[in-house]
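# Predicted model, plus sequence, below.
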Amino acid sequence: MRVLVVGASGFIGFGAAQALVRAGHIVYGVTRSEDKKKTLAAEEIIPIVAETANPSPWLPLAATLDVVIEAIGGWDVETLSPKLLDAVAEAVKKHRPPHAPKLAYIYTSGSYVHGDNRKDIFTDTTPITQPIELSKWRAAFEQKVATHSVLNGIVIRPAIMYGKSASFFKVMFQAARAGGTIKWYGSPGVRYSLVHQDDVGEMYRLAAEKSAVIGGLCFDVANDFTESVDDILQRLVEVSGAQGYEYVEAQTPLERVFASSLRLRLYLARSLLGWQPRKAGVVDYMEIYYDAWKASL
């Protein structure tokens, strides 16, 4: 297959691109950073340096690609994601032969589109009724992707990600490394649905390879079990040498994400794609994950 990953140097996109390369696919990686070009090339990912807001350098590839994966991040995704989707759709109309199969377009959403809930357990097909503040726009956009008339749209919603450079947990790890008391957002009793970067990468590989038969679906991606934030913080104190932890009130939309509870019990990725998370949880392997994050600094 020929796959293009937009955001290939990011935490999600890089893992997805690596998994696809390992499986023998030709992978193009779009990055906004000239400095990341060598990093991608060293992983046998064909680098393309381009701004997300200006995808014109790679849009002609739509003629021969099998899959486009959108895995961008940042505060401007609400604006950039719709523009990117429309640009790819127009490129397909312009460059792709009329007899070709639909180009698969895998959009990266997030599990917090389900909202903050300490009571209920959510699945892939639970209706989205109360998305968290930062994700309010995503529910409608997910459906725009999934029902697209030109592209074979697929949605993947990773849970909170950990491992290696630690993405979500780097905020918590930074607080621990500073010593003293770790201040974290929210209150006791929160539980996180989590998933390792490598397992997410494998999910993208499977979704890309089977994209022809899963169009229109939204997949949550998470471990089989949730983890207590109280347990995570206590274990981090033990591993890092911090003096303890305490909860503080969340003030910003991002801090309210950190303070939110979500319990996922997904099934589509397992039943349709055979996906199975393999990495150990955060509490059990905290020392390994914390040391890996420090080594990445």
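It's in.
# For the stretch 51-200 of the chain, just list every one of the strands.
Counting by DSSP state E, counting those that start in this stretch, the stretch 51-200 of the chain has strands at residues 67-70, 104-108, 152-158, 160-162, 181-185, 191-196.
# With respect to residue 270, which of those lies nearest?
strand 191-196 (12.9 Å; C-beta to C-beta). All C-beta spots, glycine's among them, are computed from the backbone N, C-alpha and C.
# what packs against the closest one?
Judged by 3 or more C-beta pairs under 8 Å, 6 or more residues apart in numbering; DSSP states H and E, the packing partners of strand 191-196 are strand 160-162, strand 226-228, helix 229-240.
# residue ranges of the helices in the stretch 101-250 of the chain, please?
Ranges of helices in the stretch 101-250 of the chain, per DSSP state H, counting those that start in this stretch, are 138-146, 170-177, 197-209, 211-214, 229-240.
# Kindly report which one of those helices carries the lowest mean pLDDT.
Looking over those, mean pLDDT reaches its minimum on helix 170-177, with a mean of 93.
# got the contact list for stretch 257-273?
111-112, 114-118, 120-125, 132, 134, 159, 171, 184-187, 189-193, 203, 206-207, 210, 214, 217, 219-222, 226, 250, 275-276 (C-beta atoms under 8 Å, 6 or more residues apart in numbering).
# Restricting to C-alpha, output that stretch in PDB.
Provided in PDB are the C-alpha atoms of stretch 257-273 (Å, rounded to 0.1, in the frame of the first residue of the first chain):
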ATOM      1  CA  VAL A 257      -9.400  17.400  30.300                       C
ATOM      2  CA  PHE A 258      -6.800  16.300  32.800                       C
ATOM      3  CA  ALA A 259      -9.400  16.400  35.500                       C
ATOM      4  CA  SER A 260     -12.000  14.300  33.500                       C
ATOM      5  CA  SER A 261     -12.900  10.700  34.000                       C
ATOM      6  CA  LEU A 262     -13.600   8.300  31.200                       C
ATOM      7  CA  ARG A 263     -14.200   4.500  31.100                       C
ATOM      8  CA  LEU A 264     -14.200   2.800  27.800                       C
ATOM      9  CA  ARG A 265     -15.100  -0.700  26.900                       C
ATOM     10  CA  LEU A 266     -14.600  -0.800  23.100                       C
ATOM     11  CA  TYR A 267     -15.200  -3.700  20.800                       C
ATOM     12  CA  LEU A 268     -15.100  -2.700  17.200                       C
ATOM     13  CA  ALA A 269     -11.300  -2.700  16.800                       C
ATOM     14  CA  ARG A 270     -11.100  -6.200  18.300                       C
ATOM     15  CA  SER A 271     -14.100  -7.800  16.500                       C
ATOM     16  CA  LEU A 272     -13.500  -6.300  13.100                       C
ATOM     17  CA  LEU A 273      -9.700  -5.800  13.000                       C
END
